[in-house]
Every structure is written in C-alpha cells, then in structure tokens.
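Visitor: Predicted model, plus sequence, below.
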Amino acid sequence: MTDNADLAALIRTIPDYPKPGILFRDVSTLLLDGPGFRATIDRMAAMVAPDTTLIAGIEARGFVVAAGLSYALGLGKLMLRKPGKLPGEKIGTDYALEYGTDRIEMHVGHVRDGQKVLLVDDLIATGGTALAGVDLITRGGGIVEQALFIVDLPDLGGAAKLRAKGIKVDCLIDFEGD
Ligand SMILES: O=P(O)(O)OC[C@H]1O[C@H](OP(=O)(O)OP(=O)(O)O)[C@H](O)[C@@H]1O
Ligand SMILES: Nc1ncnc2[nH]cnc12
C-alpha cells in the first residue's frame, strides 16, 4: 500500500477490458469523487518542478489531469491529441499500447525552444504513449525532465523506460502484479 491508498480505493478495476487478460484500472470512479479528485491534483501539483512552464496532457484521460494541474499552478497546457483533431500544422508519432496501437499529434510551434515541459497522464503502463509524447515535445524543441501520472502499472515497465531516458517519474499509486 502507498500513502495514497485512499485514492487507490476510488479507482475501479474491470477485468478483461478492452481485451481478455487486461485488468483495466478505471480512473473514472476517482474523477466522480470531488474530494478525491481535488486531493489527486493537490498531491500531484506539490511534486511539479518549479522551473516547469508548460503542462502537456495526452488525450483523453490525460487532459483531465493536465487541466487540473494547469489551473492549480497557473501554467499553460499543451494538448497532445489523437489523430485528425488538430486544425493547424502538426507532427505525429505512432505507438503501441497494452491493447492496440495509436497515434498522437501536436501543433507545430506550440512549444518554445528549450522550454521545460511537464508530461502528465492518468496512467502509465507500457510507456508507449508517454514515450510518444516525449518524442513529440522534444521534436518541437521542448525539454521533458519530469512526468507525472496518477497510476503506474510498474510490471509493464513504462516508468522504467522513461527513467532510463533521464526523466524523473512520479506516480501517486502503483498497482503491482498487473
Ligand atoms: O503506457 P501505455 O501502455 O502507453 O498506456 C497508457 C495509456 O493508455 C491509456 O490511454 P488510452 O490510449 O486507452 O486512451 P484514452 O485516454 O483516450 O482512454 C492511458 O490514459 C494512457 O494514455
Ligand atoms: N490496464 C490499463 N488500465 C487502464 N488504462 C490503461 N492503459 C493501458 N493499460 C491500461
């Protein structure tokens, strides 16, 4: 158990979704709980490095986290979007997920050269999504030194992959054995 066991208890687990063998950690039940969501954002906000100037969230669940942190800290947010949603000039990266493949895209010119960008999402599993986010932000000229997630599934190795790239990774909750 972590110190954040109170928040972990608000996350619902659905077996065999979206595929047999996947234990889906459903943060929608944490989001339903006002005090639980506020505590989640407050605890994450307390971990944000002081030189952060932009918060990047990954569609869709990562937007909820990014919006909360951005409001709490008064920082701008950058939307890393699923394909076909961004109207302006964009770059994209394809990646593999625990249960499929996907792509995220980012507007060109929305990160300043050398800008310190915090990457956030609700959950890190294999790390494919987060690494795609790091790739986009880096190609856009930004620097990702920190990533924050509500949930880590450490057995899937994603957080370790980010740490191997020198990124500081913090998560409120670990679900071991997934
Ligand atoms: O570490 P990974 O193995 O890449 O998996 C983590 C990603 O999977 C989930 O998103 P999903 O792609 O299911 O999309 P959603 O946020 O639109 O539900 C989650 O919100 C992360 O973005
Ligand atoms: N097991 C899981 N539960 C919820 N979201 C996920 N994204 C990737 N793997 C996941």
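Guide: In hand now; what should we look at? Note that the coordinates shown come from a computational prediction; the quantities given were computed from them, not determined experimentally. Ligands and ions are numbered 1, 2, ... in the order given.
Visitor: What ranges in this structure fall below the confidence cut-off?
Guide: 1-2 (pLDDT under 70).
Visitor: Mind doing that once more with 90?
Guide: In the predicted model, the chain carries pLDDT under 90 at residues 1-3, 97-100, 177-178.
Visitor: In this structure, which residue is most central in space?
Guide: If you average the C-alpha coordinates of the chain and look for the closest C-alpha using CA atoms, centre = their mean, you land on D121, 1.6 Å from that point.
Visitor: Which positions in stretch 162-178 come out as buried?
Guide: By 16 or more other CB atoms under 10 Å, the buried positions in stretch 162-178 come out as L162, I167, V169, C171, L172, I173, D174, F175, D178. (C-beta placed from N, C-alpha, C; glycine too.)
Visitor: Narrow those to those in strands?
Guide: For the buried residues of stretch 162-178, the ones inside strands are V169, C171, L172, I173, D174, with DSSP state E as the criterion.
Visitor: ok, which residues in this protein are in contact with ligand 2?
Guide: Among all residues of the chain, those adjacent to ligand 2 (criterion: CB under 6 Å from any ligand atom) are I22, L23, F24, R25, L97, E98, L123, A125, L153, D178.
Visitor: what about the residue lying farthest from the centre of the chain, is that helix, strand or coil?
Guide: Outermost residue of the chain with respect to the C-alpha centroid, by CA atoms, centre = their mean, is P20; its distance is 24.1 Å. Secondary structure of P20, reduced to three states by DSSP: H, G, I helix; E, B strand; the rest coil: coil.
Visitor: Next, give phi and psi for it.
Guide: phi -50, psi 140 (degrees, to the nearest 10).
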